[in-house]
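Trainee: Only the shape, not the letters, is given here:
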């Protein structure tokens, strides 16, 4: 199908932020701008439709960004729940999914993943490990996710592998940097200051 497939963007911002002292990571600032804004600025040009934010708190603050916000029916069941609920609100067959704490999302992520369509699920690998929070998901997968969650399971990677996904390797350690600690935030800030270092 190539790069002409219509996509909706989904940004996952519904986590508890336990490793960041309970902070809503979307609003942690990096270089004077909240993480959600970094990700939104990188994702919006890559999708033909709107972006949607999946969040469970600070809802009005997220809505003030000018994009729709969806919440989980039962909060904090993990990223799969956020993906499933957001997929029910997209107006395209496919969604490009990324987390809110990855401010260096590749600017060509959609193009690189769309080459594997019409697979229903295309996810990333960084050369060392799978990165299932970065991928293209078909809207029909929400039903499978809900069945998985209702069975008492939440493990994202396990569900993904059960779908026989296409996997695209993007060997960029910073592209998938999740900011789970203050140390990681400092590392990304340093990288932005000195990208060639």
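Mentor: Everything's here; your move. All figures in this text were calculated on a predicted structure; none of them were measured in a lab.
Trainee: Now for residue 45: which residues touch it?
Mentor: Going by C-beta atoms under 8 Å, 6 or more residues apart in numbering, residue 45 touches residue 107. Glycine gets a C-beta too; all of them are placed from N, C-alpha and C.
Trainee: For it, give me phi and psi.
Mentor: phi -70, psi -10 (degrees, to the nearest 10).
Trainee: how about the helices of the chain, start to end?
Mentor: Here the chain has its helices, by DSSP state H, at 35-43, 59-63, 79-87, 109-114, 141-150, 156-162, 182-193.
Trainee: Let me know which of those is tucked in deepest.
Mentor: For the helices of the chain, the largest average neighbour count (mean count of other C-beta atoms under 10 Å) is found in helix 79-87, namely a mean of 24.
Trainee: and the angle for that one with helix 141-150?
Mentor: Here helix 79-87 runs at an angle of 150 degrees relative to helix 141-150 (axes from the mean of the first three to the mean of the last three C-alpha atoms, to 10 degrees).
Trainee: Redo the helices of the chain as CSV? Include mean pLDDT and distance to residue 50.
Mentor: Listed next are the helices of the chain as CSV, based on pLDDT from 0 to 100; distance: least, C-beta to C-beta, whole Å:
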stretch, mean pLDDT, distance to residue 50
helix 35-43, 96, 11
helix 59-63, 96, 13
helix 79-87, 96, 11
helix 109-114, 96, 14
helix 141-150, 96, 18
helix 156-162, 97, 24
helix 182-193, 73, 27
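Trainee: Tell me how far the spatially most central residue of the chain lies from residue 79.
Mentor: For the chain, the residue nearest the mean C-alpha position is residue 98 (1.6 Å; C-alpha atoms, centre = their mean). Separation of residue 98 from residue 79 (C-beta to C-beta, to the nearest Å): 11 Å.
Trainee: quick revisit: how about the helices of the chain in a markdown table, adding distance to residue 126?
Mentor: A markdown table is the format used below for the helices of the chain (distance: least, C-beta to C-beta, whole Å):
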| stretch | distance to residue 126 |
| --- | --- |
| helix 35-43 | 17 |
| helix 59-63 | 28 |
| helix 79-87 | 17 |
| helix 109-114 | 12 |
| helix 141-150 | 22 |
| helix 156-162 | 13 |
| helix 182-193 | 15 |
